[in-house]
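**Q** no sequence for this one, just the structure:
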Ligand SMILES: [Zn+2]
Ligand SMILES: [Zn+2]
């Protein structure tokens, strides 16, 4: 049995997210605990945190994951944005601690033209600072990106270098692989052989034990197109064949999976959850 779910809204209160995940038949779910398009986040009260934890426990769901807002840029070469970004990361780690959420997903940001080396330096420094200021158990998951211009994290090498530079605190880091981003960045996933080759590269540069979460999204762009356009499961260029390969892989099928697929006239979250469960069932 796979453990799969979707991203849900926290509108009306954090505990409402648990109800939404339950309603959609999720095993796991992801939230933005803060406004995804803002810098400021409303503090979480002790009561609110408790009510979330209680509701989560009662729900029987396997896992809740938090995602960082989009504005922070941990690789930024602009000092003001950078300082705010490190603060936002520390703040979000603290929120995970309050809510008892074990994983926080973050993007690695953009070096804005300053160069990859500078970008990595910035990210490592940001992680060191945030980890130093918030001592908690939440594991920070670096999410791979589609490798658009100046963006960090499009290659396994970027993630490997960050891990290598972190020293002792690397115990607090893991990886979230987004299948749409992987494919758009040029990593083959559509066949068992292609996927095996991609994971061999992941194993030798990062190590499979770091991989904690999958974002399952099909992709509208071609392999290596660097286009970050999510598509419904099976309807994009990864296709059903690709998702069959992913779901039948012994190391991947055991990981929690979050869908970040579109909601439009063709399909909603429930439709994509059904699509992924049907593919998984076919393989049993
Ligand atoms: Zn993301
Ligand atoms: Zn993602």
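**A** Cool, got the structure. Keep in mind that what you see is a predicted model, and the values were worked out from it rather than measured. Residues are numbered from 1 along each chain as shown. Ligands and ions are numbered 1, 2, ... in the order given.
**Q** List the buried residues of the top helix by length along the chain.
**A** Identified as the longest helix of the chain according to DSSP state H is helix 79-99. Residues of helix 79-99 classed as buried: 81-82, 84-99 (neighbour count, 16 or more other CB atoms under 10 Å). In this view, the C-beta of every residue, glycine as well, is placed from N, C-alpha and C.
**Q** Over to stretch 164-173?
**A** 166, 172, 173.
**Q** tell me which parts of this protein are close to ligand 2?
**A** Neighbours of ligand 2 within the chain, by CB under 5 Å from the ion: 178, 215.
**Q** mind listing the strands in the chain by residue range?
**A** 4-7, 28-31, 63-67, 103-106, 139-143, 173-178, 211-216, 218-219, 230-231, 257-259 (DSSP state E).
**Q** what are the pairing partners of the second one, and which direction each?
**A** To tie it back to what came earlier, the one meant is strand 28-31. Looking at strand 28-31 with DSSP bridges, its partner strands are strand 4-7 (parallel), strand 63-67 (parallel).
**Q** all helices of this protein, in order?
**A** Using DSSP H, helices in the chain cover 14-23, 46-59, 79-99, 116-133, 156-165, 179-184, 192-205, 239-247, 269-283.
**Q** and these, which is most packed in?
**A** helix 179-184 (a mean of 28; mean count of other CB atoms under 10 Å).
**Q** Quick one: residues in contact with that one.
**A** The contact list for helix 179-184, computed with CB atoms under 8 Å, 6 or more residues apart in numbering, reads 143-147, 154, 189, 198, 214-219, 221, 223-231, 236-238, 242, 246.
**Q** Show me just the buried residues among these.
**A** Buried, going by 16+ other CB under 10 Å: 143-147, 154, 189, 198, 214-219, 221, 223, 225-226, 228-231, 236-238, 242, 246, out of the contacts of helix 179-184.
**Q** Skipping adjacent residues, who's closest to residue 84 in space?
**A** Once flanking residues are discounted, residue 84 sits nearest to residue 39: 6.2 Å by CB to CB, 6 or more residues apart in numbering.
**Q** Would you check that that neighbour makes contact with residue 85?
**A** No - using CB atoms under 8 Å, residue 39 makes no contact with residue 85, being 9.2 Å away.
**Q** Name the residues contacting each of those two.
**A** Joint contacts of residue 39 and residue 85 (CB under 8 Å, 6+ apart) are 71, 72.
**Q** Residue 147 contacts residue 228, correct?
**A** No - using CB under 8 Å, residue 147 is not in contact with residue 228; the gap is 9.1 Å.
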